[in-house]
Structure formats: C-alpha cells, structure tokens
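A.B. asks: what follows is a protein structure lacking sequence information:
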C-alpha cells in the first residue's frame, strides 16, 4: 500500500468522530429549550401541535419538533376603544372602554383566532352597545359598575374558546353630544335653584317656629312671674288680715302709715333736682308709724 493511501485512511478515520461529536452537540442544542417565566412555547411536529412548553428547561425531539410560537402569558391591556351607543331613552353617548386579559392556553389562542386583540375589541364594542341600549342615561351614569361587571362577564364567556381570561374591564368615560350636555346642564341648574328655594323656605319656616317658641316661652315666664307676684300679694294680704284680726284697728293704721312712708321715700329717691311737696299730715304719718311700731309686740 502506498504511503498516500495510508495517510488518506488515517485522515478519514479522524474526521468521523469529529463529525459525530458535532452532530451530538447540535442535537443537544436543538433538543433543549429554556422557556422564560413569562412565556409559553407551542411545539409542532410536521406541522401539527405536539406540546406546549412551560417555564423552565424542556426537551424536544431534535430535527422533528420545532418551536413554532412563543406566546407571552403576561397580562395585556387593549388600546382604549371608543364606540357610540344609544341608550334606552334615545340619547347618543360615546363610551370609552379598556380591557385587560391574559392568555392561559396558548394552543387555543394561536390555532383558533388570528388577531386576538381585534377580536376582543369587536366583542367588547358589541356588548357595550347592547348593554347601554337596555339602560336609561341616568342608569348608565349611576350604575356604571353594574355595566362593567356585565361587560366583563359576557366578554369572558365569548373569549373562553380562545384560551383567554379577561381580568378587568373598565369604562373610562361616557361622553354626551353638545345638545344633550346643554340640556342636562340646564336641568342641573334648575334643580340647584329648586333646592336653594326649598332650603330658604325651610330656613324661614324654622325661624318662624323658633320665634313662636320664644314668644311662648316669654309668655309662660311672664305668666309664672305674675302668678308668683299674685301669690306674694295674696300672702301679704293674708298676713295683714291676720294682723288686723289679732291687733285690731292699730294694725290697720300701722299698714296705712307704712304705705305713706314708702310712697314719700320713693318720691324723694327720684333722679335729678325736684321739689317735693309734702302734705300737711306727712309728719303725722311718720309719727303714727313709729308709735304703732313701738306698740307692735316682739
């Protein structure tokens, strides 16, 4: 055997293990798939669904299996959508909505629907129009949370076949046309004016009631004072009567003289400068009073 043939055989023998090792490395590289936590991989074999790979290290058959779709399982938000709707009382409103969802079963999402965002947006628009069409404008404004729950429930039922979970549905705003807004503003101003008038009338009525209560209270107190004064006068009269009964005419004369003294004292105690004219028997009244006072038994 020639030397050239021997060298060729040795070279061929050394290339085969090298190629075999390279083939093994490539096979391992193709067989191992590391899936991120936020994704799922859809694997196909000869064009058909083979498996869905979850987060972590996964193994597939090299050269036969192929990762066809890498699907994010993070929660997504649809772009804010605006659609017109007519309420039950024939008012045109413009509703802005936003929907949040996430993919739970990627194999359904990639094989049953082409554009999932557009499909969800169309579904939401139809449900919003149908829901608002069954409600009056006041109900749309006051029962917004009820409408949101209804949208979320119906959208969830509609997208269940697509392997999607609707996490939240929000109605961001309900806008009215200019004519309706102006009419509502006039109604609101009229309602405010009515409430102001009612409040003012109630205040006046309350003021009248309080004034009447004050007058009644004053009358009651005045009557009570008169009653006390009458009782005091009656008691004084009773004491005088008992004194007269017990002491005779002297007690009566004493009371008359005492009243004369009190009257003269009141006249003299007046403010300013005045001239007091005393009757001729004024001094006699003082004398009689002192005489009778000395005669009163102690």
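C.D. replies: Cool, got the structure. Note that the coordinates shown come from a computational prediction; the quantities given were computed from them, not determined experimentally.
A.B. asks: so what are the sheet partners of the one helix or strand residue 51 maps to and their directions?
C.D. replies: Following DSSP states H and E, the helix or strand that holds residue 51 is strand 48-53. With DSSP bridges as the test, strand 48-53 is paired with strand 39-45 (antiparallel).
A.B. asks: number of nearby residues for residue 142?
C.D. replies: Using other Cβ atoms under 10 Å, residue 142 is surrounded by 11 other residues. For the C-beta atoms, the positions are set from N, CA and C on the backbone; glycine is no exception.
A.B. asks: tell me how far it lies from residue 136.
C.D. replies: Going from residue 142 to residue 136 by Cβ to Cβ, to the nearest Å gives 10 Å.
A.B. asks: pop out the phi and psi values for residue 81.
C.D. replies: Residue 81 adopts backbone torsions of phi -110, psi 150, taken as degrees, to the nearest 10.
A.B. asks: now the strands: where do they sit in the stretch 51-200 of the chain?
C.D. replies: 56-59, 65-72, 76-77, 81-86, 92-103, 164-176 (DSSP state E, counting those that start in this stretch).
A.B. asks: any low-confidence regions in the protein?
C.D. replies: Per-residue confidence for the chain (pLDDT under 70) gives these ranges: 1-14, 179-181, 183-184, 236-298.
A.B. asks: try it again with 80
C.D. replies: 1-16, 138, 141-143, 176-189, 191-192, 230-298 (pLDDT under 80).
A.B. asks: domain parsing for it?
C.D. replies: According to automatic domain parsing, the chain comprises the domains 3-72, 76-176, 178-234, 248-267+279-298.
A.B. asks: next, count neighbours for residue 132.
C.D. replies: A count of nearby residues for residue 132, using other Cβ under 10 Å, gives 24.
A.B. asks: residue 81 against residue 94, yeah?
C.D. replies: No - counting by Cβ atoms under 8 Å, residue 81 stays clear of residue 94, with 10.9 Å between them.
A.B. asks: more crowded one of the two?
C.D. replies: Shown here are residue 81 and residue 94; by other Cβ under 10 Å, residue 81 has more neighbours (17 against 13).
A.B. asks: where's that one relative to residue 188, distance?
C.D. replies: As for residue 81, its distance to residue 188 is 29 Å (criterion: Cβ to Cβ).
A.B. asks: follow-up on the earlier one: so which of the domains of the chain is the most packed in?
C.D. replies: Sort these by mean neighbour count, taking mean count of other Cβ atoms under 10 Å, and domain 76-176 sits at the top with a mean of 16.
A.B. asks: quick one: terminal-to-terminal distance for that domain?
C.D. replies: 29 Å (Cα to Cα, to the nearest Å).
A.B. asks: give me the distance from it to the chain's centre.
C.D. replies: Once both centres are worked out by Cα atoms, centre = their mean, to the nearest Å, domain 76-176 turns out to sit 25 Å from its chain's centre.
A.B. asks: any residues touching stretch 55-68, and which ones?
C.D. replies: With contact meaning Cβ atoms under 8 Å, 6 or more residues apart in numbering, stretch 55-68 is reached by 26-28, 30-46, 50-51, 53, 110.
A.B. asks: hey, which helix is longest across the protein?
C.D. replies: Determined from DSSP state H, the single longest helix within the chain is helix 178-247.
A.B. asks: helices or strands up against that helix?
C.D. replies: Applying 3 or more Cβ pairs under 8 Å, 6 or more residues apart in numbering; DSSP states H and E, we find helix 178-247 packed against helix 249-268.
A.B. asks: thought residue 155 was touching residue 124, still the case?
C.D. replies: Yes - between residue 124 and residue 155 there is a contact at 5.8 Å, judged by Cβ under 8 Å.
A.B. asks: shared neighbours, the two?
C.D. replies: 99, 169.
A.B. asks: could you measure from residue 172 over to residue 77?
C.D. replies: Residue 172 is 12 Å from residue 77, where distance means Cβ to Cβ.
A.B. asks: try residue 16
C.D. replies: Noted for residue 16: a distance of 56 Å to residue 77, by Cβ to Cβ.
A.B. asks: what of residue 154?
C.D. replies: 19 Å.
A.B. asks: next: residue 128.
C.D. replies: Between residue 128 and residue 77 the computed distance is 17 Å (Cβ to Cβ).
A.B. asks: just residue 175 next, same as before
C.D. replies: 21 Å.
A.B. asks: mind listing what the residue most central in space within the chain touches?
C.D. replies: Closest to where the C-alpha atoms of the chain average out (Cα atoms, centre = their mean) is residue 142, at 12.4 Å. Applying Cβ under 8 Å, 6+ apart to residue 142 gives no contacts.
A.B. asks: all set, thanks.
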